[in-house]
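>>> the sequence isn't on hand, but the structure is:
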C-alpha cells in the first residue's frame, strides 16, 4: 500500500510538471498580448494628452487676444478721460474769471449808487445825467442777471460732466479689476500647462524605458530560441547515422529503444546496454554541456516509458526503475563513464522520471506501436523559467 501511494505521488508530480510546462507557454503568450495592449494604450493616452494640450494652448491664445483688445479699449477711455478733465479745468478757469468780473461789477454798482445818492442831494440839475446813468445801471443789472444765469447753466454742465467723469472712473475701476482677474486666470492656466507638459515628458520617458526593457527581453527570448535551435542541430549532427538513436527535430529529445538497454519486463541494464551508454553518454554530454550551451541548460530529464500491456502501476514502477538505472549509470562514482568534474555538474541538473504507458507511440493507422513505446528518452530544459520571472517582474513594476 505504501509503495502504491508513493507511485501515485510520483505520477502526480509528473503530471504536475507537464501542466507546469503548458502553463509557462500560456504565460509567455499572455505576456506578449499584455505588452502589445499596454503599448497601444500608452500610445492612445499620449495622443489624447497632446490634443488636450493643443486645445488649451489655443484657448490661451484667444484669451491673450481678448486681453490685448480690452487693454487698448482701456487706454482709449483713459485718453478721453484726460481730455474731459482738461476741458473741465478750462471751464472752471473761465467760471472763476466771470465770478471775478461779476464781483468787480457789483462793487462798481455799489460805488455808483453812493455817488448817485450824493449827486442827487447835491446836483438836482444833473437829473438827466442821473437818469441816463440809471438806465445804464439797469442794463448792467440785466447783463449781470444774464451772466448769472449763464453761470448757473455752466455750473449745471460742470456738475453733469463731473457725474459722467465719476461713472467713467467707476467703469475704469471695474475693467481694471476684470483685467487683473483675467491675468490671474492666465497665470493659473499657464502653470497648469507647464505641469501637464512636465507630466507628459515624464510619461514619455517612462514609455521609452518600458520599451527599452521590452526590447531587451525580446532579444533574450530570441537568443534563447536561437540557442535551442542551435543545440538541437548540434545533437542531430552528432548522432546522425546512428541507427539506435533518434533526435526530435523540435525539442532535441533523444529517444532509443529500451530493448537495447533492458530485457523484456526487466529494469537492470544489459551488458550491451551498458556498452551502448558508455559510447553514447560522453558524446551527448559533450554536446549538451559544451561551452556554447552549458550556461543555458537548467535540467536534464531521463524518462522511462512502457507499452500498454499490463496495469498502469506495474508499468510505472518498471519505467521509473529503468530511468533510475540509466541515471545511476551516468552518475556513479567508481568506474564511471563520465568525468568526475562533469558528474558533479550533472548531479545538480539530472532527474529521472517514470511515465508508465502515459505517452505511447502510435502507428500510422492509429494503433499503438508496442515495441516503439518501450523506450528511454533523455530530454533537456533551458532556463526559460528565469526569463518568465523577469518578464513578470517588469509587468508588476
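Arrived safely, thanks for sending. Worth saying up front: this structure is predicted, and the values here are computed from it rather than measured.
>>> what's the helix or strand for residue 281?
According to DSSP states H and E, residue 281 maps onto helix 271-288.
>>> name the residues of that helix that are buried.
273, 276, 277, 280, 281, 284, 285, 287, 288 (16 or more other CB atoms under 10 Å). Every residue, glycine included, has its C-beta placed from N, CA and C.
>>> average pLDDT for it?
The pLDDT scores in helix 271-288 average 89.
>>> after it, which helix or strand is next? Please name it.
strand 297-305.
>>> okay, the angle between the very next helix or strand once past that next one and helix 271-288?
Note on strand 297-305: by DSSP H and E, the next helix or strand toward the C-terminus is helix 312-331. With axes from the mean of the first three to the mean of the last three CA atoms, to 10 degrees as the basis, helix 312-331 and helix 271-288 are set at 70 degrees to each other.
>>> immediately after helix 312-331, which helix or strand?
Helix 312-331 is succeeded, C-terminally, by helix 340-349 (DSSP H and E).
>>> elements contacting that following helix?
Applying 3 or more CB pairs under 8 Å, 6 or more residues apart in numbering; DSSP states H and E, we find helix 340-349 packed against strand 297-305, helix 312-331.
>>> which of the residues in it are buried?
342, 343, 345, 346.
>>> quick one: contacts of it?
285, 289, 297, 298, 299, 300, 330, 331, 333, 336, 338 (CB atoms under 8 Å, 6 or more residues apart in numbering).
>>> which pair in the residues you listed spans the largest distance?
Maximum pairwise distance among these (CB to CB): 24.1 Å, between 298 and 333.
>>> out of these two, which sits in the more crowded spot?
The residue with more neighbours, out of residue 298 and residue 333, is residue 298; 14 against 7, by other CB atoms under 10 Å.
>>> how does the chain divide into domains?
48-212, 239-396 (automatic domain parsing).
>>> just put these in CSV and tack on distance to residue 231.
Output for those, formatted as CSV (distance: least, CB to CB, whole Å):
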stretch, distance to residue 231
domain 48-212, 29
domain 239-396, 5
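>>> closest to residue 17 out of those domains?
Of these, nearest to residue 17 by CB to CB is domain 239-396, at 7.9 Å.
>>> sorry, back to before: for residue 127, state which of the buried residues of helix 340-349 is nearest.
residue 345 (157.6 Å).
>>> which other helices and strands contact whichever strand or helix holds residue 90?
In this assignment (DSSP H and E), residue 90 forms part of helix 2-122. Helix 2-122 sits against helix 127-238, helix 312-331, strand 350-354, helix 384-396, with contacts defined as 3+ CB pairs under 8 Å, 6+ apart.
>>> and of the ones you listed, who's closest to residue 261?
helix 312-331 (7.0 Å).
>>> now do the buried residues in that closest one.
315-327, 329-331.
>>> among the residues you listed, which two are most distant?
315 and 331 (24.5 Å).
>>> residue 52 versus the residue nearest to residue 190 when sequence neighbours are not counted, what's the distance?
Counting by CB to CB, 6 or more residues apart in numbering, the nearest residue to residue 190 once its immediate chain neighbours are dropped is residue 60, at 7.2 Å. From residue 60 across to residue 52, the span is 13 Å (CB to CB, to the nearest Å).
>>> could you verify my assumption that the residue nearest to residue 190 touches residue 187?
No: judged on CB atoms under 8 Å, residue 60 makes no contact with residue 187 at a distance of 10.9 Å.
>>> circling back: go through the domains of the chain and pick out the most buried.
domain 239-396 (a mean of 16; mean count of other CB atoms under 10 Å).
>>> most distant residue from the middle of the protein?
residue 125 (118.2 Å; CA atoms, centre = their mean).
>>> would you say that residue is within a helix?
Yes: with DSSP: H, G, I helix; E, B strand; the rest coil as the criterion, residue 125 is part of a helix.
>>> so what's the residue most central in space within the chain closest to, chain neighbours aside?
Closest residue to the average C-alpha location of the chain: residue 203 at 4.4 Å, with CA atoms, centre = their mean. Leaving aside its sequence neighbours, residue 203 sits nearest to residue 46 (CB to CB, 6+ apart; 6.9 Å).
>>> then residue 363?
residue 369 (5.0 Å).
>>> tell me the contacts of the one you found?
360, 361, 362, 363.
>>> contact partners of stretch 139-154?
Applying CB under 8 Å, 6+ apart, the contact partners of stretch 139-154 are 91, 94, 95, 98, 99, 101, 102, 105, 106, 109.
>>> chain center to that stretch, what's the gap?
Centroid displacement of stretch 139-154 relative to its chain, using CA atoms, centre = their mean, to the nearest Å, is 86 Å.
>>> with stretch 68-82 instead?
That offset, for stretch 68-82, works out to 48 Å (CA atoms, centre = their mean).
>>> give me phi/psi at residue 307?
Main-chain dihedrals, residue 307, degrees, to the nearest 10: phi -80, psi -180.
>>> then residue 292?
With angles defined as degrees, to the nearest 10, residue 292 sits at phi -70, psi -30.
>>> pLDDT wise, what is residue 333 at?
59.
>>> my bad, should have said residue 166
Predicted confidence (pLDDT) for residue 166: 79.
>>> contacting residues for it?
Contacts of residue 166 by CB under 8 Å, 6+ apart: none found.
>>> sorry, back to before: so which of the helices and strands packed on helix 2-122 comes closest to residue 26?
helix 384-396 (10.6 Å).
>>> now the closest one: mean pLDDT?
59.
>>> repeat that for stretch 293-308.
Here the average pLDDT along stretch 293-308 is 91.
>>> check the offset of it from the chain's centre.
How far stretch 293-308 lies from its chain's middle: 43 Å, per CA atoms, centre = their mean.
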